[in-house]
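S.K.: Give me coordinates for this.
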Amino acid sequence: MKTYKAKDLLDERYGQKGSESREKFCDNAYSYYFGEIIRNRRKELNMSQEKLAEVVGKKRPYISRIENGEDVRISNLLLVANALDLTIQLTTR
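M.R.: Residues are numbered from 1 along each chain as shown. Predicted coordinates for the structure are as follows:
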């Protein structure tokens, strides 16, 4: 049985780190991850997408797109995170 390192699999499937295809993969992965956090927190608070949209001044389909990882802009992510009592922390690597 052969074992694989995650880095090697990512390199093979999405290109080397820094490549356009790898960056696109990473962007999509982060968007998905943020969407899952938003969805889980909203459900934890027993809040509908409609109610969350109302609180942040958006329409329900927009919240759906965020939760599906389709449209995550930092300014809107901050609005939604604040409405869900979430904190966003930026750190250096």
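S.K.: OK, contacts around the residue positioned nearest the centre of the chain?
M.R.: Per CA atoms, centre = their mean, the C-alpha nearest to the average position across the chain is that of residue 34, at 2.3 Å. Neighbouring residues of residue 34 by CB atoms under 8 Å, 6 or more residues apart in numbering: 66, 69, 72, 77. Any C-beta I mention is one placed from the backbone N, CA and C, and that applies to glycine too.
S.K.: any idea which helix or strand carries the residue nearest to the last one when sequence neighbours are not counted?
M.R.: With CB to CB, 6 or more residues apart in numbering as the measure, residue 34 is the residue that lies nearest to residue 77, at 6.3 Å, once sequence neighbours are left out. With the criterion set as DSSP states H and E, the secondary-structure element containing residue 34 is helix 20-44.
S.K.: what about the chain, any weak spots by pLDDT?
M.R.: Applying pLDDT under 70 to the chain flags residues 71, 93.
S.K.: hang on, residue 64 packs against residue 52?
M.R.: No. Contact criterion CB atoms under 8 Å: residue 64 and residue 52 do not qualify, at 10.2 Å.
S.K.: These two: which is more packed in?
M.R.: When neighbours are counted by other CB atoms under 10 Å, residue 52 comes out ahead of the other of residue 64 and residue 52, with 23 against 15.
S.K.: So the more buried one versus residue 61, what's the distance?
M.R.: Distance, residue 52 to residue 61, by CB to CB, to the nearest Å: 12 Å.
S.K.: One more: residue 89?
M.R.: The separation that residue 89 has from residue 61, given CB to CB, amounts to 29 Å.
S.K.: between the two, who's got more neighbours?
M.R.: A count of neighbours by other CB under 10 Å puts residue 61 above the other of residue 89 and residue 61, at 11 against 4.
S.K.: tell me which element that one falls in.
M.R.: For residue 61, the enclosing helix or strand under DSSP H and E is helix 60-67.
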